[in-house]
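In: Have a look at this prediction, sequence included:
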Amino acid sequence: MKKSKEIFSRIIEQVELGTTLTQVCKSKDMPALTTVHTWMKQDQKFKEQLLDARRIGAMVWLDKMQDMVMDDVEPTKVQLLRERLHHSRWVASKLISIFGDKQTVENIGEPIIKVVWDDGSLERKQSGLAHATRSSEAEDDISNDTKTIN
């Protein structure tokens, strides 16, 4: 099957609706899964669009999960429902960053290193004999000395 914008948009649309890519590719009027993977390798834009479509599809799964939780379930199917909900939640946590369980810490700004010498005397601290290095942004304080902490 040849690439076309129409095929691309139909694939993207179906994935956004929560249909898996394997299910989309099983349709007779769609390309095989290996063909779609080849297109993804060749076309970075299509690959990014498909990833975004998967994220949107994961949100659709979350909506379906909410509906499933609100429906009455036969006691014999509770464990199956629980496993489906758990799987959908796990997939959503991997595809949608706001639902992820990974935390990142970023340092914004310039780090400050402070070194203080103290002999233990409170009077001397208050008289200003404690020394500290500080970050300097003044132009006259900048030097080419690599051993200086700026």
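Out: That came in fine, so what should we check first?
In: in the protein, which segments are predicted with low confidence?
Out: Filtered on pLDDT under 70, the chain yields the residue ranges 97-103, 118-150.
In: ok, 80 please
Out: Flagging of the chain using pLDDT under 80 yields the residue ranges 1, 91-107, 111, 115-150.
In: where exactly do the strands run in it?
Out: Using DSSP state E, the chain contains no strands.
In: mind listing the helices in it by residue range?
Out: Applying DSSP state H to the chain gives helices spanning 5-16, 21-26, 33-42, 44-70, 78-95, 122-126.
In: possible to save the ones you listed as TSV with mean neighbour count and distance to Gly109?
Out: C-betas here are computed from N, CA, C, even on glycine. Below are those laid out as TSV (neighbours: other C-beta atoms under 10 Å; distance: least, C-beta to C-beta, whole Å):
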stretch	mean neighbour count	distance to Gly109
helix 5-16	16	39
helix 21-26	15	42
helix 33-42	14	39
helix 44-70	15	31
helix 78-95	14	30
helix 122-126	10	27
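In: Next, format those helices as JSON lines and append distance to Ile108.
Out: Shown next, in JSON lines, are the helices of the chain (distance: least, C-beta to C-beta, whole Å):
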{"stretch": "helix 5-16", "distance to Ile108": "34"}
{"stretch": "helix 21-26", "distance to Ile108": "38"}
{"stretch": "helix 33-42", "distance to Ile108": "35"}
{"stretch": "helix 44-70", "distance to Ile108": "26"}
{"stretch": "helix 78-95", "distance to Ile108": "26"}
{"stretch": "helix 122-126", "distance to Ile108": "31"}
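In: Of these, which is nearest Val115?
Out: For the helices of the chain, the distance to Val115 is smallest for helix 122-126, at 14.4 Å, taking C-beta to C-beta.
In: about what we covered before: out of the helices of the chain, which is closest to Val116?
Out: helix 122-126 (8.8 Å).
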